[in-house]
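Q: Here is my input, please return the structure:
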Amino acid sequence: MNPIINLIIFALLGVAMLALSVMAITTKSLLRSATYLLFVLLCTAGFYLFLNYHFLAAVQVSVYAGGVVILFVFAIFLTTDKDEARIKGDIRRYIYGATTILAGIVLTAFIILKREYLYSDNKSMLGDKEIPIQQIGQALMGTDKYQYLLPFEILSILLLACIIGGLLIARKK
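A: Prediction:
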């Protein structure tokens, strides 16, 4: 692709992600905040597609944008009344948020200015180094060294415990 088009796509994704992140934090409605989080996660999947990591983009959309945000929405609906789904504004909340934003900007600027990022026709950026999905599946479901079946099962037990906890919280009413 043309380097200018790459820069425009990157800038659009970055601006959209930044604006949606700010909107997710500053809105007073929990449901709107979860919706903005969904769009931030979709922008992250766009960055993965921009880098030619198709598998990671699919995982981002299916697991995070699909599963986690839906769990957040269900948790909001199960644990709060309609009137309680609003966040009360507090000046300390905005001060802490602004301090965190400034610290993030300083850290990011330090990292960017410390390293030298030059655009070049790097062959590794063209996506020809992508790992086949069969190899990823064997690594995720294998039991050998550097394979991830045990963490995968532990995560499924954790998600099951979260679902049971959500049902118990909803059942108390």
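Q: Show me what the worst-scoring helix or strand of the chain on mean pLDDT packs onto, helices and strands only.
A: Within the chain, no helix or strand scores below helix 69-79, which has a mean of 75 by mean pLDDT, DSSP states H and E. Counting contacts by 3 or more C-beta pairs under 8 Å, 6 or more residues apart in numbering; DSSP states H and E, helix 69-79 packs against helix 30-50, helix 149-171. The way it works is simple: take the backbone N, C-alpha and C, and place the C-beta from them, glycine included.
Q: quick one: which of those is nearest residue 75?
A: helix 149-171 (6.0 Å; C-beta to C-beta).
Q: Following the record's annotation, map out the domains of the protein.
A: 3-128, 131-173 (automatic domain parsing).
Q: Check these for me and report the most buried one.
A: domain 3-128 (a mean of 13; mean count of other C-beta atoms under 10 Å).
Q: Next one: the spatially most central residue of the chain from residue 68, what distance?
A: In the chain, the centroid-proximal residue (C-alpha atoms, centre = their mean) is residue 41; its distance is 4.2 Å. The spacing between residue 41 and residue 68, counted by C-beta to C-beta, to the nearest Å, is 8 Å.
Q: which stretches of the protein have low pLDDT?
A: Across the chain, the ranges flagged by pLDDT under 70 are 1, 81-89, 116-130, 172-173.
Q: switch to 80 and redo it
A: 1, 30, 66-69, 71-90, 93-94, 115-133, 140, 146, 162, 165-173 (pLDDT under 80).
Q: shouldn't the residue nearest to the centre of the chain be in contact with residue 63?
A: No - checked against C-beta atoms under 8 Å, the pair residue 41 and residue 63 is beyond contact range at 9.4 Å.
Q: Convert the C-alpha atoms of stretch 165-173 to PDB, please.
A: Extracted C-alpha coordinates of stretch 165-173, given in PDB (Å, rounded to 0.1, in the frame of the first residue of the first chain):
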ATOM      1  CA  GLY A 165     -21.500 -15.200  40.700                       C
ATOM      2  CA  GLY A 166     -23.500 -13.000  38.400                       C
ATOM      3  CA  LEU A 167     -26.500 -15.300  38.700                       C
ATOM      4  CA  LEU A 168     -26.200 -15.300  42.500                       C
ATOM      5  CA  ILE A 169     -26.100 -11.500  42.600                       C
ATOM      6  CA  ALA A 170     -29.100 -11.200  40.300                       C
ATOM      7  CA  ARG A 171     -31.000 -13.900  42.300                       C
ATOM      8  CA  LYS A 172     -30.800 -12.000  45.600                       C
ATOM      9  CA  LYS A 173     -33.300  -9.500  44.500                       C
END
